[in-house]
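Student: return atomic coordinates for the entry below.
(2 chains)
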Amino acid sequence: DTAVSQTPKYLVTQMGNDKSIKCEQNLGHDTMYWYKQDSKKFLKIMFSYNNKELIINETVPNRFSPKSPDKAHLNLHINSLELGDSAVYFCASSQVETSRNEQFFGPGTRLTVL
Amino acid sequence: GNSVTQMEGPVTLSEEAFLTINCTYTATGYPSLFWYVQYPGEGLQLLLKATKADDKGSNKGFEATYRKETTSFHLEKGSVQVSDSAVYFCALSDYGGSNYKLTFGKGTLLTVNP
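Tutor: Have a look, this model is predicted:
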């Protein structure tokens, strides 16, 4: 059973387009996250979100916006895509209070902007 | 703020060699410590964790001990296999005032040759 799933696995698109990446977790966790991994494998937190609060990394451009239709989903919308947005994006989830923030990661979405 | 420093890679070893990947941290609170592993083309998986000083996390032959006095959490394995080839991330989790935050090191690429 997949704990954290993301779609699509690969996304190739033109500069200037708007795209979305979906994330779902079936672990019953209360907090979800989006990370960006660059070509050097460096992981950068973009957002964390629970039903109380959205915390945004201040370095993330406002072209990126998370949307949570319910507790099990946190989708990532990206407007006006740029070449520098090419990266692998990972969704993660955790049950923060009980697990000291042990996070479970999805398989990643490789975004390529042409 | 919190930070994690791990040894720069890449690390290349022969099968059955001893592995050490150094990790030190800086934290304002009393963090939990993690090692995550990313196999080629996959998402991150939790390898092991420790939540308090002198705890030893272990899994799949890997071990790491939470050393508060040296603020370290070095990863070791006595005999590596080709299948251990992956990127290894050291991480800490600490409460940041409004939420737990996971801070990652930059990752260490390990290649094990037959």
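Student: please identify the buried residues of stretch A:45-65?
Tutor: A:Ile45, A:Met46, A:Phe47, A:Ser48, A:Tyr49, A:Asn50, A:Ile55, A:Val60, A:Phe64, A:Ser65 (16 or more other C-beta atoms under 10 Å in any protein chain shown). Quick note: C-beta positions are derived from backbone N, CA and C, even for glycine.
Student: next: stretch A:3-22.
Tutor: A:Val4, A:Gln6, A:Leu11, A:Thr13, A:Lys19, A:Ile21, A:Lys22.
Student: contacts for it?
Tutor: Residues outside stretch A:3-22 that contact it (C-beta atoms under 8 Å, 6 or more residues apart in numbering or on different chains): A:23-27, A:73, A:75-83, A:89-93, A:104-114, B:43.
Student: follow-up on the earlier one: okay, who's weakest in the buried residues of stretch A:45-65 by pLDDT?
Tutor: Ranked by pLDDT, the buried residues of stretch A:45-65 bottom out at A:Ile55, which scores 78.
Student: nearest spatial neighbour of it, skipping sequence neighbours?
Tutor: The spatial neighbour of A:Ile55 that comes closest, neighbours along the chain excluded (C-beta to C-beta, 6 or more residues apart in numbering or on different chains), is A:Ser48 at 4.7 Å.
Student: name the helices or strands packed onto the helix or strand encompassing that neighbour?
Tutor: Assigned by DSSP states H and E, A:Ser48 belongs to strand A:43-50. In terms of contacts (3 or more C-beta pairs under 8 Å, 6 or more residues apart in numbering or on different chains; DSSP states H and E), strand A:43-50 is packed against strand A:31-37, strand A:54-56, strand A:64-67, strand B:100-104.
Student: deepest-packed of those strands, please.
Tutor: For those, the largest average neighbour count (mean count of other C-beta atoms under 10 Å in any protein chain shown) is found in strand A:31-37, namely a mean of 24.
Student: wait, A:His73 touches A:Tyr49, no?
Tutor: No: taking C-beta atoms under 8 Å as the definition, A:His73 is not a contact partner of A:Tyr49, at 10.3 Å.
Student: which neighbours do these two share?
Tutor: Joint contacts of A:His73 and A:Tyr49 (C-beta under 8 Å, 6+ apart) are A:Met32.
Student: which residues in chain A form strands?
Tutor: A:4-7, A:10-13, A:19-25, A:31-37, A:43-50, A:54-56, A:64-67, A:75-78, A:87-94, A:104-105, A:109-113 (DSSP state E).
Student: which residues sit against the last one?
Tutor: If I follow you right, that is strand A:109-113. For strand A:109-113, using C-beta under 8 Å, 6+ apart, the contacting residues are A:6-15, A:19, A:21, A:78, A:81-90.
Student: list the buried residues in stretch B:71-89.
Tutor: In stretch B:71-89, counting by 16+ other C-beta under 10 Å, buried: B:71-75, B:77, B:80, B:84-89.
Student: pLDDT of it, averaged?
Tutor: Rounded mean pLDDT across stretch B:71-89 is 97.
Student: anything in it near chain A?
Tutor: Yes: Stretch B:71-89 lies within reach of chain A by C-beta under 8 Å from any C-beta of the partner chain, at B:Val87, B:Phe89.
Student: which ones are touching the nearest residue to B:Leu33 once chain neighbours are set aside?
Tutor: Take B:Leu33 and drop its neighbours on the chain: the residue closest to it by C-beta to C-beta, 6+ apart is B:Phe73, 4.4 Å away. B:Phe73 makes contact with B:Cys23, B:Thr24, B:Tyr25, B:Leu33, B:Trp35, B:Ala50, B:Ala64, B:Thr65, B:Tyr66, B:Arg67, B:Cys90, according to C-beta under 8 Å, 6+ apart.
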